[in-house]
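Participant: Fold the following.
(chains A and B)
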Amino acid sequence: GAGVSQSPSNKVTEKGKDVELRCDPISGHTALYWYRQSLGQGLEFLIYFQGNSAPDKSGLPSDRFSAERTGGSVSTLTIQRTQQEDSAVYLCASSLHRDRGDEKLFFGSGTQLSVL
Amino acid sequence: QQQVKQSPQSLIVQKGGIPIINCAYENTAFDYFPWYQQFPGKGPALLIAIRPDVSEKKEGRFTISFNKSAKQFSLHIMDSQPGDSATYFCAASMRYNFNKFYFGSGTKLNVKP
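Facilitator: Model prediction:
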């Protein structure tokens, strides 16, 4: 596909369950971001991957959240022991990271997570 | 602490009007300011961006005005159309250090026919 693909598009889970959210970035994009968008709120940074560098995990809200990126491509965001406050749209974005002083993020359509 | 403050939260204009969305920041290290447009059910898409070495940038009907001394920037949409109805986010980052973008809280724009 030409764009960033996220799956599932919707996920309903029970409090306390673990969930995995998947992101397929645009081919060739070395940078990958996860953001969280809560209802009526802006985009909250979660984690950033760039090439083979150590990821920037400074935005992860708790140790229940983790993410990995395999082979420099697909990324999985895992939320353990989900809580109701985790309900949000989780957005993935990728970029080419050309070191030109600008950066264009390409976002997926997101995963709507609902924790009951 | 919110790094980028955006207002208004929502905006309604008539077709042909010029909606203006404002953002303010505190961190003087920010030097790249993009605007993203988001339609319902879709992810945000880059609309236009500016660097602080210019005071204005135009792309089609969209204009960013930048006031470095006031640490403020705004988006103007000329001759707005119903198809412009969307949520708009401003953001700030540091060039050459794009590990994170700081987004405003968003403005939901409704352009009435």
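Participant: Name the residue of chain B that lies nearest to chain A.
Facilitator: Minimum separation of chain B from chain A (Cβ to the nearest Cβ) falls at residue B:43, amounting to 2.9 Å. Any C-beta I mention is one placed from the backbone N, CA and C, and that applies to glycine too.
Participant: do you know how far that residue is from residue A:43?
Facilitator: For residue B:43, the distance to residue A:43 (Cβ to Cβ, to the nearest Å) stands at 10 Å.
Participant: can you list the residues that contact the longest strand seen in chain B?
Facilitator: Using DSSP state E, we find that the single longest strand of chain B is strand B:86-94. Around strand B:86-94, the neighbours that count as contacts under Cβ atoms under 8 Å, 6 or more residues apart in numbering or on different chains are A:42-43, A:103, B:3-4, B:6, B:21, B:23, B:25, B:27, B:29-39, B:44, B:47, B:73, B:75, B:100-104, B:106-109.
Participant: again, but for stretch A:50-68
Facilitator: Contacts with stretch A:50-68, where a contact means Cβ under 8 Å, 6+ apart, come from A:30-32, A:34, A:44-49, A:69, A:72, A:75-83, A:97, B:99-100.
Participant: Produce a PyMOL select command limited to the buried residues of those residues.
Facilitator: Remark: buried members of those, expressed as a PyMOL selection using 16 or more other Cβ atoms under 10 Å in any protein chain shown:
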select buried, (chain A and resi 30+31+32+34+44+45+46+47+48+49+69+75+77+79+82) or (chain B and resi 99+100)
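Participant: can you tell me which residues contact residue B:61?
Facilitator: B:77-80.
Participant: if we go to 6 Å?
Facilitator: Contact criterion Cβ atoms under 6 Å, 6 or more residues apart in numbering or on different chains gives B:77-79 as the residues in contact with residue B:61.
Participant: Equivalent analysis for residue B:21, please.
Facilitator: With contact taken as Cβ under 6 Å, 6+ apart, residue B:21 is in contact with B:75, B:88, B:107.
Participant: now the residues you listed in a markdown table, with neighbour count?
Facilitator: As requested, these are arranged in a markdown table below (neighbours: other Cβ atoms under 10 Å in any protein chain shown):
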| residue | neighbour count |
| --- | --- |
| B:75 | 25 |
| B:88 | 24 |
| B:107 | 22 |
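Participant: how about the CA coordinates for the least confident helix or strand in chain B by mean pLDDT, as CSV?
Facilitator: Of all helical and strand segments in chain B, the minimum by mean pLDDT, DSSP states H and E falls on strand B:97-103, at a mean of 82. Output for strand B:97-103, consisting of C-alpha atoms alone and laid out as CSV, is shown next (Å, rounded to 0.1, in the frame of the first residue of the first chain):
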residue,chain,number,x,y,z
ASN,B,97,15.9,16.8,16.2
PHE,B,98,12.6,15.4,15.1
ASN,B,99,12.3,12.8,17.8
LYS,B,100,9.0,14.4,18.8
PHE,B,101,6.5,17.0,17.8
TYR,B,102,4.4,19.0,20.3
PHE,B,103,0.9,19.3,19.0
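Participant: Tell me the buried residues in it?
Facilitator: B:98-103.
Participant: which outside residues touch that strand?
Facilitator: Everything outside strand B:97-103 that qualifies as a contact, by Cβ under 6 Å, 6+ apart, is A:42-43, A:45, A:48, A:56, A:103, B:3-4, B:89, B:91-93.
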